[in-house]
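Chemist: Sharing a model that was predicted from the sequence below.
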Amino acid sequence: MICILLNINIGLWETIMIAFAVIALLLVIPFAIFDTMRSKDLSTTHKFLWILFILVAPFLGALVYFFWGSKQKAI
């Protein structure tokens, strides 16, 4: 429906890839924010900065947090 309104001609595989990306964002970002908030190893300032990074650059921020930030220990 949106494709018709915007006059975008995309095929089945493009639609599947877009749907996969949207679903991934809807699952990964809230989980990253929740995991950041419940982390006992991060200070309040670090939690705020991680959540801000996740919200500003959603997909990149969440991936960087999971691969690096969740293992970060408080100094």
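Modeler: Structure received.
Chemist: distance between the strand or helix carrying I51 and the chain's centre?
Modeler: Assigned by DSSP states H and E, I51 belongs to helix 44-56. Here helix 44-56 shows a centroid-to-chain-centroid distance of 12 Å under the convention Cα atoms, centre = their mean, to the nearest Å.
Chemist: start at 36 instead
Modeler: Noted, 36 is the first residue going forward, which turns the last one into helix 79-91.
Chemist: what's in contact with stretch 50-60?
Modeler: Applying Cβ atoms under 8 Å, 6 or more residues apart in numbering, the set of residues contacting stretch 50-60 from outside is 45, 93-94. C-beta here means a position set from N, CA and C on the backbone, and glycine is covered the same way.
Chemist: burial count for T79?
Modeler: Counted with other Cβ atoms under 10 Å, residues neighbouring T79 total 7.
Chemist: Please report the distance of it from I89.
Modeler: Computed with Cβ to Cβ, to the nearest Å, the distance linking T79 and I89 is 16 Å.
Chemist: Then K75?
Modeler: Here the criterion is Cβ to Cβ. By it, K75 lies 18 Å from I89.
Chemist: Pick out whichever of these two has more residues nearby.
Modeler: Set side by side, K75 and I89 show unequal neighbour counts under other Cβ under 10 Å, the larger going to I89 at 24 against 5.
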